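> Structure here, sequence nowhere to be found:
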């Protein structure tokens, strides 16, 4: 037991406290996901969703990221999606408006941008929470108090719940293990797996699903997990040689190293960004759509299992893969740092370093983003080929696998780093767990 990695995790005080803190925060998050907002009759809500034999594609889609909190009309029903949507808009604004980028580069500018992002998140959450109140009004018997009072209370409760969720995510990042926002999405997906598995078993027993199709889908599930791990770990190494420098009586440099460019530099971020970017108009259109003709048309056009939704989904994944990589791996900045430290890439002129690195990144990003897109749309393919319900197909492949595997690798890499820092063996005896740097 002395070399047992699991035991060692709880022997190290700092690591033990971080793990227990993360588990505690996730428990609070799950508790908030089942607390129905004031003014809603939970029984009427449950009966309404049970009466929909074919399920509700929009609700299943929203529940996917909120871990079932949306169908419960809970205080955390919007999850962290308003915050992610606002982050995307803010990152785009930094590129579009030079003055805003200048503010971000000033001393303390990043904190100022983060504060503005949180304030803007409140506005986005208020809009989405109002759409929720309109959607709930269409459920018979769901609202048990005055409509105006319900609208006001629901908007305040859901918006507050969203900001509390963001705060919980930040606490995990600072005091726990893993990336907090991603861990909350991870927890929501994991929480729905037992229910989806039971529903799958029930449908096989009742004859609604062919067992052969289920076996094929499970084989695909295992194969995709392997492919996701292989793709997340893959990298292209750019060799860099640093010239020798004499400073006083000491000689520095003269070493060979490399810059690791991942096959998919942005990890699963493009998938989360693309989903969040589509969630906002989809929720507004689906919630208010029945009362407004043109919004109803948009809701039909952007239905989650439709062809146009998936086309936009693929395009957005590719776009955000390029966008996020340029933000986090700026070839201009990397080339500048190499030159300032007396480095060079063998066979490449110093003034061509930036161009060379940009070309390498472009060759990596396109196939990597298309690979992500192919896995992300897999649930729709499974649903259409084998007749799986959307609630099951979304959890058995695509986005859920990317998030589950990616967050797991990221968390394991942090735990392994903590273990090795305290002179213990890592989680794996062979090879190395590489973080995807969420």
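That came in fine, so what should we check first? Remember, it's a predicted structure, so these values are computed and weren't measured experimentally.
> Can you show me the strands along this protein?
Secondary structure of the chain (DSSP state E): strands at 235-242, 245-247, 250-252, 256-262, 343-344.
> what's the closest of the ones you listed to residue 377?
Smallest distance to residue 377 across the strands of the chain (Cβ to Cβ): 21.9 Å, for strand 256-262. In this view, the C-beta of every residue, glycine as well, is placed from N, C-alpha and C.
> Tell me the strands beside that closest one, with direction?
Paired neighbours of strand 256-262 in the sheet (DSSP bridges): strand 235-242 (antiparallel).
> Mind telling me which residue is nearest the centre of this structure?
Ranked by distance to the mean C-alpha position of the chain (Cα atoms, centre = their mean), the top residue is residue 272 at 4.0 Å.
> Now it: closest residue in space, sequence neighbours ignored.
Take residue 272 and drop its neighbours on the chain: the residue closest to it by Cβ to Cβ, 6 or more residues apart in numbering is residue 84, 6.3 Å away.
> Tell me how far the one you found lies from residue 180.
Using Cβ to Cβ, to the nearest Å, residue 84 is found at 12 Å from residue 180.
> what's the burial count for residue 417?
Each residue near residue 417 was counted by other Cβ atoms under 10 Å, and the total is 13.
> Oh, that last question was meant for residue 360, not what I typed.
16.
> For residue 127, which non-adjacent residue is closest in space?
Nearest residue to residue 127, sequence neighbours excluded (Cβ to Cβ, 6+ apart): residue 284, at 7.2 Å.
> still on that earlier bit, what's the residue nearest to the centre of the chain in contact with, if anything?
The neighbours of residue 272, taking Cβ atoms under 8 Å, 6 or more residues apart in numbering as the test, are 84, 182, 185, 403.
> So which of the residues you listed is the closest to residue 326?
Distance to residue 326 across those (Cβ to Cβ) is lowest for residue 84, with 18.5 Å.
> ok, that closest one - contacts?
By Cβ under 8 Å, 6+ apart, the neighbours of residue 84 are 181, 272-273, 276.
> which one of those residues sits closest to residue 131?
Ranked by distance to residue 131 (Cβ to Cβ), these are led by residue 276 at 15.2 Å.
> Quick check: closest non-adjacent residue to the closest one.
Per Cβ to Cβ, 6+ apart, closest to residue 276 is residue 84, 4.2 Å.
> next one: residue 400
Spatial nearest neighbour of residue 400, chain neighbours left out: residue 189 (5.1 Å); criterion: Cβ to Cβ, 6+ apart.
> list the contacts for the one you found?
Taking Cβ under 8 Å, 6+ apart, we find residue 189 in contact with 64, 67, 395, 400, 403-404.
> Residue 82 and residue 402, how far apart?
21 Å.
> Between the two, point out the one with more neighbours.
Taking neighbours as other Cβ under 10 Å, residue 82 and residue 402 compare with residue 82 leading, 29 against 26.
> What are the neighbouring residues in contact with the more buried one?
Neighbouring residues of residue 82 by Cβ under 8 Å, 6+ apart: 121, 124-125, 128, 162, 280.
> Specify which member of the residues you listed is nearest to residue 317.
Nearest to residue 317, judged by Cβ to Cβ, of those is residue 280 at 16.4 Å.
> wait, doesn't the closest one sit right on residue 86?
No. Judged on Cβ atoms under 8 Å, residue 280 makes no contact with residue 86 at a distance of 9.7 Å.
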